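Engineer: for reference, the sequence and a predicted model appear below.
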Amino acid sequence: MNTQDKLGWPAIWALILTGAASFMAALDNLVVTTALPVIREDLGGKLEDLEWTVNAYTLTFAVLLLFGSALGDRFGRRRLFIVGLAVFTGASAAAALSPGINELIAARAVQGVGAAVMMPLSLTLLTTAVPAARRGMALGIYGAVTGLAVASGPLIGGSLTEHISWQWIFWLNVPLGLALIPLARLRLAESTAPGSRLDVPGTLLISGGLFGIVYALVNANADGWTSAPVLTGLIAGSALVGGFIHHGFNNANAMLPMRLFRDRGFFGINMASLLMYVGMFGSIFLLSQFLQGVAGYSPTEAGLRMLPWTGMPMIVAPIAGILSDRIGSRPVVAAGLMLQALGLGWFAAILSTDVSYAAQLPALILSGIGMALYFAPASNALMSTVAPADQGRASGTNNALREVGGALGVAVLASVFSAQGGYESGQAFTDGTVPALWIGAGAVAVAAALALLLPRKAKQEPAAAQTTAAPAKVPAAS
C-alpha cells in the first residue's frame, strides 16, 4: 500500500476531533425533546416558549450553516472551527445556567450559531486530513457517530433529566468542548479556500425571512392570525424569502444559486427533504411530550420507547445503501418516505389517552424503517443531480433545508395542536396531537410524491467526482 493511503495520526486526530464535535451538535437537535415537560414545569412558559426552545437552535443552525462554511473557507477552517466550538460550549453553559425560559431560548439560539460554524467545517477538515483512498471509511465512521447522536438524543436527554436534572443535557457539552478546543488548535491543520466570498446580503435576507415566518406560525394562535405582529411576520418574512430567491437567481456569488433548482431532481429531493423534516420533527416534538404527559412514562422510559423510531437507521441504513446501489435511489427514497407517512398516520389513527405501547410499536417501527430508507439514498440521489463543482453547495443546501423543515414542522404542527387542544388534560393534549399528526403524515406523503421527480438512475461520475461527493453522504444532524 502506498504510504500516502495510510490513515496516519493527523487523519486519526481529525476523525476523533471532528467526530466528537459533530456528536455534540447532532445530539442537541433532539436531546431537548424528552426534557420539554420538565423544563416547562421548572421554568414555566407556554407552548410557544417550548417551540422556541427547539426552534431557536434549529433555525439559527439552518440559516447560518452555509455562511459558517464560507467564513471558514475565507478566514481559516481550523480557526473558525475553534470559534464555533467555543461559542457552542459557552452557550451550552449559559443554557444550563438559565434562570428563566427566555434566557434558555436565547442561549439555544447562540448554540445554533456555534453549531452552524462547527458542523460544516468539521466535515471539510476531516475530508482534507484523510487520504482519498481511506476517505470513505473515515466518512462512514463520522456518519455513524452522527447517526448515534440522533438515535440516542431522546434517551440521553430523558436519562439525564430524570436521574440528575434537565440542566445536564447542556452541561454535558461543556467538558467535552473545553477538551476539544486546545486539541483542535494543536492537532488540526489550517486550510483556506483562496478567493472565496461571503454572501452577507443573502444571509440577512434568508435569516430575516425565516424568522418572520416562524415567529408568525408560533404566535398565531396566541395573538390571532389577523393580529399585527403575526401578519407582519408572514408578509415581511415572505417578502424577504422572495428577495432571497431573487438574489439567488441574479448574484453570481449567492450562497444558494437558484439555478440548481432548475433540475427537477434537485428540486424534488430538496423539497422532499424539507417536507420530511416538517412531518418528522413536528411529530417528535408532540409525541415525546405525549409519552410523558399523557401515557405517564418517565423521561428515561419515554426516551427508550422512542428508540424503535430514532434508532432504526443504525440497523437498516446499510441495507438501504445496498438497495439504492442495486435498484437506484428513487424507489428506495420514495418507499422510505411513504413508510414514514404510514407510521405517522398509524399514530394519528390509534392515539388515545389509554393507548398501549404495544399499539404504538408498529407505528414506531414503520417510521424508523422509513427514516432509515430515506437518509443515505437521499444523499446519493442529491449528488446525482448536480455537477461535481456544485456538490459542496448542494450538500449544504440540503442540510440547511432539512433544518428549516424541522423548525417549520415544530411551528406548524404545534399551531394545529394549540388550535385543537392544549395542556389542560390528557384528553385535550390528545385532541390537539391527533390532527397535528395527520398534517405531519400528509407532509411526508407529499414528500414521497416529490421523490418520484428524481432520475431513475444516478449519473455516472468519474472517480474524482465521487471522491468530492463523499462528504455529502453523511446523514444530516437531525
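Structural biologist: The structure has been received and is ready for your questions. Numbering: from 1, shown residues only.
Engineer: wait, residue 177 sits on residue 23?
Structural biologist: No - the criterion here is CB atoms under 8 Å, and residue 177 misses it with residue 23 at 11.3 Å. In this view, the C-beta of every residue, glycine as well, is placed from N, C-alpha and C.
Engineer: look at the closest residue to residue 229 other than its chain neighbours and report its pLDDT.
Structural biologist: Distances taken as CB to CB, 6 or more residues apart in numbering put residue 223 closest to residue 229, at 5.7 Å, once the chain neighbours are dropped. Reported pLDDT at residue 223 in the predicted model: 77.
Engineer: next up, phi/psi of residue 223, please.
Structural biologist: Residue 223 adopts backbone torsions of phi -90, psi -20, taken as degrees, to the nearest 10.
Engineer: what about it, neighbour count?
Structural biologist: Applying other CB atoms under 10 Å, we find 16 residues neighbouring residue 223.
Engineer: for residue 9, same thing?
Structural biologist: Residue 9 has 8 neighbours, counted by other CB under 10 Å.
Engineer: now swap in residue 189 and tell me
Structural biologist: Other residues close to residue 189 by other CB under 10 Å number 12.
Engineer: so it sits right up against residue 130, yeah?
Structural biologist: No - judged on CB under 8 Å, residue 189 makes no contact with residue 130 at a distance of 11.6 Å.
Engineer: what's the burial count for residue 115?
Structural biologist: Close neighbours of residue 115, defined as other CB under 10 Å, add up to 32.
Engineer: distance of it from residue 109?
Structural biologist: For residue 115, the distance to residue 109 equals 11 Å [CB to CB, to the nearest Å].
Engineer: common neighbours of these two, please.
Structural biologist: Common neighbours of residue 115 and residue 109 are listed as residue 57 (criterion: CB atoms under 8 Å, 6 or more residues apart in numbering).
Engineer: one step back: quick one: the residue nearest to residue 229 from residue 418, how far?
Structural biologist: Distance from residue 223 to residue 418, by CB to CB: 12 Å.
Engineer: anything in contact with each of the two?
Structural biologist: Contacts common to residue 223 and residue 418, judged by CB under 8 Å, 6+ apart, are absent.
Engineer: low-confidence ranges, the stretch 251-400 of the chain, go.
Structural biologist: For the stretch 251-400 of the chain, the stretches with pLDDT under 70 are 376, 383, 388-389, 391-392.
Engineer: show me where it has helices.
Structural biologist: Using DSSP state H, counting those that start in this stretch, the helices of the stretch 251-400 of the chain run over 264-293, 299-310, 312-327, 329-350, 357-383, 391-420.
Engineer: can you say which of those helices is nearest to residue 71?
Structural biologist: Set against residue 71 and scored by CB to CB, those come closest in helix 391-420, at 12.6 Å.
Engineer: buried sites along that closest one?
Structural biologist: 391-418, 420 (16 or more other CB atoms under 10 Å).
Engineer: mind giving me the packing neighbours of it?
Structural biologist: Judged by 3 or more CB pairs under 8 Å, 6 or more residues apart in numbering; DSSP states H and E, helix 391-420 is in contact with helix 47-75, helix 200-223, helix 264-293, helix 357-383, helix 426-451, helix 463-469.
Engineer: of those, which is nearest residue 159?
Structural biologist: Among the helices and strands packed on helix 391-420, helix 264-293 comes nearest to residue 159, with 13.3 Å by CB to CB.
Engineer: okay, residue 55 and residue 112: tell me how far apart.
Structural biologist: Taken as CB to CB, the span from residue 55 to residue 112 is 9 Å.
Engineer: swap in residue 261?
Structural biologist: Residue 261 is 25 Å from residue 112, by CB to CB.
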